[in-house]
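A.B. asks: Next comes the sequence, and after it the predicted model I'd like to discuss.
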Amino acid sequence: MAIVLIIFLLLRLKVIKGHHVVTSDPWLQAIGLVIFLLGLALAIWARVYLGRNWGMPMTEKADPELVTTGPYSTIRHPIYSGLILAMAGTRGSG
């Protein structure tokens, strides 16, 4: 939800214009890079945290375990959320 609000704010401020966003403002580039790195770090952390519970969809585990700690304690789909956040960071960094 926060990602949608950030993107909406960037659209309203006219930071995002169409498909190709190129900015020469170093502050916006730095903010985009930080957002990208935070999203990527979240996705990697969530994947590593899953450990042996990682599997292909529809694979049946003999002893499945619901992960409710780490990034999964506050975010329902932290890998997807991290990737979306990383993509949002690339839009602002040009």
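C.D. replies: Yep, it's here. The structure displayed is predicted, hence computed values, not measured ones.
A.B. asks: tell me which element the spatially closest residue to residue 36 that is not a sequence neighbour is part of?
C.D. replies: Among residues not flanking residue 36 along the chain, residue 89 sits closest, at 3.1 Å (Cβ to Cβ, 6 or more residues apart in numbering). Yep, even glycine has a C-beta here, placed from its N, CA and C like the rest. Using DSSP states H and E, residue 89 maps to helix 78-93.
A.B. asks: rewinding a little: the residue nearest to residue 36 touches residue 30, doesn't it?
C.D. replies: No: using Cβ atoms under 8 Å, residue 89 is not in contact with residue 30; the gap is 10.5 Å.
A.B. asks: Which one's more surrounded, those two?
C.D. replies: residue 89 (20 against 12; other Cβ atoms under 10 Å).
A.B. asks: Can you give me the distance of the more buried one to residue 52?
C.D. replies: 30 Å (Cβ to Cβ, to the nearest Å).
A.B. asks: re earlier: confidence score at the residue nearest to residue 36?
C.D. replies: pLDDT, residue 89: 87.
A.B. asks: cool, and residue 58?
C.D. replies: 57.
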